[in-house]
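S.K.: no letters, just coordinates:
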């Protein structure tokens, strides 16, 4: 069961090799054993998960099984799940039990999947290392002194360490792709608008997008039809039919044009990372792809543009956490101002406060034009760069992150260094494009390296095909940390 | 020094949609606190707004009714500030790109018409309510009203007195009800005004420093608040002081305005486009289909009444104060001759209006129906009842409240209110009266006109007012001057 593909698990359930209850118990046991070390989950509720599992078994017995029926999925703690503690990694919501299901949770429930628990994350998804979580950092299974990336670090770790067959994540500036790269798994951020944001706690509304994280491109292709789909409760949700994302997996890659943006191979990126990317490009050429040099001239602006727009939206999105209706309320207040100030001062961590301050500043009177408005204009230029590049190629490739997983604490006192670790992922969110990360090598320290694949709008099926063909020819996606193998489980 | 008053009004009209502007919760008034606030209204983590198309449709109706430009693309913005009855910590409103721009409204200032230019009208959501009583020094929050759709209608600083401001507010109030976008209930807060007031020396053109008086929810408060504020500003300046730009509140108990917050501690609302909502796109087709559902507007109806019925501008204005009044009038008067129409107009503007006010009823609740009025006026013009007796018939109809046209003739019959026009019958009564009034007859013949009137009165008295006055006159003259 460990690191088995979703298809294998689905077949195991269908053939009666094991029940969903047994499968769920297997992963709950691994969580019980390994989570104290890895801190991958914030909430595990065996009773709830097993109740869902036995309902799934009953459904299967009635002949009503769907592909994911009975398969446990770890849910990032940013998705509201009815009757589950939903913290978003924050003290502010550390006691918040959601009274409703996010669209994504509803979809997994109706697909028969089992909610295996809520995974750890950077507070309100603000961070690239999972160190900003109120519930403590997640450890990277490959080296527990290192970060798993963020903000979907708990989900990435859960899949990488075999605590869950697959997980959900959200990606505002790289929060699915960068942790996927750091932990040696696969993660896909879909086109903006494909996955409903209803019930997904907002960080930066115009950038946030949910997506799947798993062991292989094939697994992601199975998860996508569940996560994607129109939802009238999200005005930015796109009204288009759900695709069959597995339809193109087997297509050969001959004729594929891969664009390599020269800005993705800039100085400051680890030579080992660059080398692994180059090796994977060679592999793709062997598979029949051709290489095109392209340019994204405004790439360098993406980090500053992002750190104006995302905090601006966040500063407003997080205003609702005021201690009045739910969430943390300070015990220390006499006046209304003190109620607000103390509740928010106590309820939010340092990185969240920093971004609220930046956001309030760039939106304030006299600064709006210089920061927010200019950033919006540049955002359009960045998106246009991609459109121009896609005139010459089918997909873009480059590194997901300039480095492999760094050490805990290494960048936590240098926010700008931390922000720069998302330099290759952020532009994709600004353009609203789909992007994914797949493993393509290990560095000298044995840490995973991620290859980023960026597709044109709604080309997820093509990207999954591109990733899957590579995974048929290589085995990087099957490499797993030697420290958390099956032996521990029995 | 002579001063000129400059006023601009911002009016919040609650749009009459069944559900809220960004959620499916009900907008009905008067429910128990927080029972009409759904997850979106209380701003739970992860919830998102979805625009109610009914609110957009109503904004378009308004824009068309005032001859404004309907923007093909308008944008919702977030107005950020903290307050306990503002669940999200921001209000969704429109800032740089409102749905409706420009337009105008005609008002009556005394007998003359004045055109008030509108700046814009934009969609926004209402906040909840803070309840300071009954919580033992704590504050209660009721979020039922949070997310109620509002259209904020802003004028240019075109108003020059409290009377003009009230006239505008009344015209706007009538219009929003006329086009069915707002119930206009001011007690329930469905229609409320903020007044921007400043003064300047008469003859100058630069605007004085203004104060904004918030939340005036009656025409009387609007008038009084402006009057107080104008006096305060003039006195302040004449005493060598300076008006400070600030937000003020009107206290009806003390009949004064007082400072709420000054410009220095005004919020920086940090407006920015709401990324959770797409821009509102309105195409020509939508505008045309909304236009097709608009009723005849007050101005057009007024002009038509003057043209078609030959009534005065004053009467026409009176009869177009609301669609219901106009419909009632037309129900009674349409297809009649000029004299009948004029009588109908007088009845609606006079006795009916007065009785409705007395009994605190709206015209649709009138205890005399328009078909009864039509019948009654017909009985006056055909001579069945005198104008005077018609009032008695009206009173009887009102008391009965049956609303059937037939009841007019029944009441005239059963109460014997028919006019006596028969010459022989009148001559007989006149002779009887003259026989008992020798002194009056003598006085009249001596040249005292007053005596004639007294004799007419005696005849009318003898017939309990039913005699045809013209016939009585003629008959008396014939007898006395013979």
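M.R.: Looks like it came in fine. Owing to the predicted nature of the structure, the values given are computational and were not obtained by experimental measurement.
S.K.: pLDDT weak spots in chain A?
M.R.: For chain A, residues meeting the criterion pLDDT under 70 lie at A:487-490.
S.K.: in it, what residue is nearest chain B?
M.R.: residue A:319 (2.3 Å; C-beta to the nearest C-beta). The C-beta positions use only the backbone N, C-alpha and C, and glycine is treated the same way.
S.K.: which non-adjacent residue is nearest that residue?
M.R.: residue B:89 (2.3 Å; C-beta to C-beta, 6 or more residues apart in numbering or on different chains).
S.K.: and the one you found, what does it touch?
M.R.: The neighbours of residue B:89, taking C-beta atoms under 8 Å, 6 or more residues apart in numbering or on different chains as the test, are A:316, A:318, A:319, A:320, A:322, B:43, B:80, B:81, B:82.
S.K.: what do you get if the cut-off is 10 Å, keeping everything else the same?
M.R.: If you count contacts by C-beta atoms under 10 Å, 6 or more residues apart in numbering or on different chains, residue B:89 has them with A:315-322, A:324, A:340, B:43, B:78, B:80-83.
S.K.: what score does residue B:465 have for pLDDT?
M.R.: We have a pLDDT of 81 for residue B:465.
S.K.: hmm, residue B:393 and it touching each other?
M.R.: No - at 12.0 Å, residue B:465 does not count as touching residue B:393 under the criterion of C-beta atoms under 10 Å.
S.K.: which neighbours do the two share?
M.R.: Contacts common to residue B:465 and residue B:393, judged by C-beta under 10 Å, 6+ apart, are residue B:417.
S.K.: those two - which one has more neighbours?
M.R.: Counted by other C-beta atoms under 10 Å in any protein chain shown, residue B:465 and residue B:393 do not tie: residue B:393 has more neighbours, with 24 against 16.
S.K.: return the list of helices and strands in contact with the helix or strand that the more buried one is a member of.
M.R.: If you go by DSSP states H and E, residue B:393 is part of helix B:387-400. The contact analysis (3 or more C-beta pairs under 10 Å, 6 or more residues apart in numbering or on different chains; DSSP states H and E) places helix B:387-400 against helix B:338-347, helix B:353-359, helix B:370-381, helix B:406-414.
S.K.: show me what from the stretch 351-490 of chain A comes close to chain B.
M.R.: Applying C-beta under 10 Å from any C-beta of the partner chain, one finds that the stretch 351-490 of chain A approaches chain B through A:359-368, A:372-373, A:376.
S.K.: tell me the residue of chain B that sits nearest chain A?
M.R.: For chain B, C-beta to the nearest C-beta, closest residue to chain A: residue B:89, 2.3 Å.
S.K.: got a pLDDT number for that residue?
M.R.: pLDDT, residue B:89: 97.
S.K.: ditto for residue B:300
M.R.: So, for residue B:300, pLDDT stands at 93.
S.K.: list the contacts for it?
M.R.: residue B:320.
S.K.: which of the three states applies to it?
M.R.: Here residue B:300 is recorded as helix under DSSP: H, G, I helix; E, B strand; the rest coil.
S.K.: low-confidence stretches in chain B?
M.R.: Looking at chain B by pLDDT under 70, you get B:263-265.
S.K.: who does the longest strand anywhere in it touch, helix- and strand-wise?
M.R.: The longest strand of chain B (DSSP state E) is strand B:112-125. In this structure, strand B:112-125 makes packing contacts with strand B:3-14, helix B:53-65, strand B:76-80, strand B:90-94, strand B:100-101, strand B:104-109, strand B:149-155, helix B:162-178, judged by 3+ C-beta pairs under 10 Å, 6+ apart.
S.K.: can you give me the strands in the stretch 151-300 of chain B?
M.R.: Ranges of strands in the stretch 151-300 of chain B, per DSSP state E, counting those that start in this stretch, are B:191-201, B:211-216, B:246-251, B:256-262, B:272-273, B:280-281.
S.K.: ok, which of those strands comes nearest residue A:447?
M.R.: strand B:272-273 (39.9 Å; C-beta to C-beta).
S.K.: run the chain-centre distance for the closest one.
M.R.: Centroid separation for strand B:272-273 versus its chain: 36 Å, with C-alpha atoms, centre = their mean, to the nearest Å.
S.K.: direction included, what does it pair against?
M.R.: Using DSSP bridges, the strands paired with strand B:272-273 are strand B:76-80 (antiparallel).
S.K.: tell me which helix or strand the residue of chain A most remote from its centre sits in.
M.R.: Using C-alpha atoms, centre = their mean, the residue of chain A lying farthest from its centre is residue A:334. It sits 41.1 Å away. Using DSSP H and E, residue A:334 is not contained in any helix or strand.
S.K.: switch the helices and strands packed on strand B:112-125 over to CSV; also include mean neighbour count and distance to residue A:245.
M.R.: What follows is those, written out as CSV (neighbours: other C-beta atoms under 10 Å in any protein chain shown; distance: least, C-beta to C-beta, whole Å):
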stretch, mean neighbour count, distance to residue A:245
strand B:3-14, 21, 46
helix B:53-65, 22, 33
strand B:76-80, 24, 33
strand B:90-94, 22, 35
strand B:100-101, 22, 44
strand B:104-109, 17, 56
strand B:149-155, 23, 40
helix B:162-178, 21, 51
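S.K.: and of those, who's closest to residue A:406?
M.R.: Among the helices and strands packed on strand B:112-125, the nearest to residue A:406 by C-beta to C-beta is strand B:76-80 (35.4 Å).
S.K.: check the chain for its longest helix and report it.
M.R.: I went with chain A, as the question did not name one. As assigned by DSSP state H, the longest helix anywhere in chain A is helix A:20-38.
S.K.: let's do chain B instead
M.R.: helix B:219-238.
S.K.: and that one, how far out from the chain middle?
M.R.: Worked out by C-alpha atoms, centre = their mean, helix B:219-238 lies 23 Å from the chain centre.
S.K.: quick check: buried residues in it?
M.R.: Using 16 or more other C-beta atoms under 10 Å in any protein chain shown as the test for burial, helix B:219-238 gives B:219, B:221-230, B:232-233, B:237.
S.K.: for it, packing partners?
M.R.: Helix B:219-238 packs on strand B:3-14, helix B:162-178, strand B:191-201, strand B:211-216, strand B:246-251, strand B:256-262, going by 3+ C-beta pairs under 10 Å, 6+ apart.
S.K.: distance to residue A:16 added to those, as a markdown table?
M.R.: Putting the helices and strands packed on helix B:219-238 into a markdown table (distance: least, C-beta to C-beta, whole Å) gives the following:
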| stretch | distance to residue A:16 |
| --- | --- |
| strand B:3-14 | 61 |
| helix B:162-178 | 68 |
| strand B:191-201 | 68 |
| strand B:211-216 | 69 |
| strand B:246-251 | 72 |
| strand B:256-262 | 71 |
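S.K.: dump these to JSON lines, plus distance to chain A.
M.R.: Shown next, in JSON lines, are these (distance: least, C-beta to the nearest C-beta, whole Å):
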{"stretch": "strand B:3-14", "distance to chain A": "20"}
{"stretch": "helix B:162-178", "distance to chain A": "27"}
{"stretch": "strand B:191-201", "distance to chain A": "20"}
{"stretch": "strand B:211-216", "distance to chain A": "18"}
{"stretch": "strand B:246-251", "distance to chain A": "17"}
{"stretch": "strand B:256-262", "distance to chain A": "14"}
